[in-house]
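[1] Provide a 3D model corresponding to the input given below.
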Amino acid sequence: MIRAGRQHLVRTLADLAAQQGVGIDHYTRLKPYDAAGFPKPISSEGSRTRLYDGEQVDAYLLGKPVPPLPDGKDDGDFLDRRECAALIGVAPDSWKTYKSDPVLTAARIEAGGVEHWPRHAVRAFQAGRPGDAAPKPGRPRSTGDQVPRDQVPALVAELLDADPTISAATVTERLGVHRNTGQDALTRLRADRIADHIEAHPALTPAEAAAQLGYPAGQVRRATARAGTVLRARRAAPYLTDVAAALHRAGWTTTEAAPDVQLPGDDRVVAALVLDGDRAPAPALVWDERYGWRTAASRRHPITKGAARPSEGDGVRYLVGGITPPPGDVVAALTP
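    Purely as a prediction, here's the structure:
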């Protein structure tokens with residue numbers, strides 16, 4: 001580590017070679033830094049770049065006693081990535097993700113071409129992380145149990161509350177989940193919050209709402225697009241609920257349940273109604289905001305994958321009447 005207040009004294013092997021008036025290749029072949037009494041590197045063990053304290057090196061070269069470095073742990077000490085990772089109890093490679101946190105990026109310095117962070121900033125970063133979402137000291141996340149999938153949204157919400165600029169990579173590392181899981185949860189949550197903000201402030205565009213919420217423009221293109229779909233889904237919900245009630249009155253569903261609204265990856269609003277009544281004219285009914293109602297041949301998987309419009313036949317039939325026909329017309333179109 002670089003002791004507090006001594007970052008200006010940091011020297012690399014290239015600096016030492018130049019000090020001796022030789023090239024770096026010649027210097028590393030001679031390895032004078034391996035001689036007995038030569039000051040020890042201040043870089044962490046295993047670092048690719050060796051760093052030395054200039055005051056110690058100068059004293060050695062002048063034949064004077066090498067002054068000791070300050071003892072103890074000062075909040076102003078600068079730590080490299082291995083030392084930072086050790087301080088918070090994670091693997092060194094994990095630091096590649098953590099270092100993007102705003103608290104750390106603001107405090108980062110380069111000394112001898114190597115990134116370092118002050119001890120106080122690393123401690124502040126660790127203290128500011130949501131409790132259960134952060135890896136426990138001394139236990140790298142990769143060695144622990146992953147977060148159950150049903151807990152991910154709540155934990156991502158905590159992380160987003162603490163830092164609106166958080167990236168999917170950081171979510172992945174903090175929670176110990178697959179990157180796709182972290183990305184999807186973060187996108188969905190941001191989209192929902194953008195939609196909430198637009199409902200409270202209808203004049204805003206999704207991009208403007210995202211900016212007001214503190215979300216970085218480069219991270220939320222997918223979320224802003226999805227927010228528009230979320231808003232359309234919310235507007236369609238009362239109509240879909242009315243159709244579900246009409247189908248129940250017709251005896252084709254055993255419960256008057258609201259339809260299962262989904263937002264597939266190509267950002268369209270789709271809803272499925274399982275017709276589980278004894279006299280139901282089809283296993284299920286599907287509504288798509290692009291073409292309205294159709295029947296489905298499967299109760300378990302009524303919504304097909306992909307954006308392609310399913311062809312008629314094999315239990316699929318499109319109902320006439322436009323995108324949002326009155327509930328009574330939907331019942332009439334299905335009546336044998």
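
[2] averaged pLDDT, the longest helix along the chain. What do you get?
    Scanning the chain for the longest helix, with DSSP state H as the assignment, gives helix 221-249. Here helix 221-249 scores 92 as its mean pLDDT.

[3] and the residue in the chain sticking out farthest from the centre, what pLDDT?
    Checked against the mean C-alpha position of the chain, the extreme residue using Cα atoms, centre = their mean is G63, at a distance of 54.0 Å. In this model, G63 is scored at 94, pLDDT.

[4] quick one: contacts for T295?
    Applying Cβ atoms under 8 Å, 6 or more residues apart in numbering to T295 gives the contacts 281-286, 315-317, 319, 334. To be clear about C-beta, it is placed using only N, CA and C from the backbone, and glycine gets the same treatment.

[5] brain fart, G315
    G315 makes contact with 282-283, 295-298 under the criterion Cβ under 8 Å, 6+ apart.

[6] relative to G182, how far out is it?
    With distances taken as Cβ to Cβ, to the nearest Å, G315 is found 38 Å from G182.

[7] tell me the domain boundaries of the protein?
    When the chain is parsed into structural domains using automatic domain parsing, the resulting residue ranges are 1-128, 142-219, 232-334.

[8] least confident of the ones you listed, on average?
    Looking at these, the lowest mean pLDDT belongs to domain 142-219 (a mean of 85).

[9] mind jotting down where the strands sit in the stretch 201-336 of the chain?
    For the stretch 201-336 of the chain, the strands defined by DSSP state E, counting those that start in this stretch occupy 260-262, 270-274, 284-288, 292-296.

[10] what about the helices in the stretch 1-150 of the chain?
    Assignment of helices within the stretch 1-150 of the chain using DSSP state H, counting those that start in this stretch yields the ranges 13-19, 24-30, 54-61, 81-88, 95-98, 102-107, 119-127.

[11] quick one: which of those helices is nearest K305?
    Of all the helices of the stretch 1-150 of the chain, the one in closest proximity to K305, counting by Cβ to Cβ, is helix 95-98 (31.6 Å).

[12] got the CA positions of that closest one in CSV?
    Output in CSV follows, covering the C-alpha atoms of helix 95-98 (Å, rounded to 0.1, in the frame of the first residue of the first chain):
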residue,chain,number,x,y,z
TRP,A,95,-13.0,-5.5,-7.5
LYS,A,96,-13.3,-4.9,-11.2
THR,A,97,-17.0,-4.6,-10.7
TYR,A,98,-17.0,-2.9,-7.3
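
[13] what packs against that helix?
    In terms of contacts (3 or more Cβ pairs under 8 Å, 6 or more residues apart in numbering; DSSP states H and E), helix 95-98 is packed against helix 81-88, helix 168-175.

[14] and these as CSV, adding mean neighbour count?
    Formatted as CSV, the helices and strands packed on helix 95-98 follow (neighbours: other Cβ atoms under 10 Å):
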stretch, mean neighbour count
helix 81-88, 20
helix 168-175, 22
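
[15] of all these, which lies closest to A258?
    Taking Cβ to Cβ, helix 168-175 is the member of the helices and strands packed on helix 95-98 nearest to A258, at 30.3 Å.
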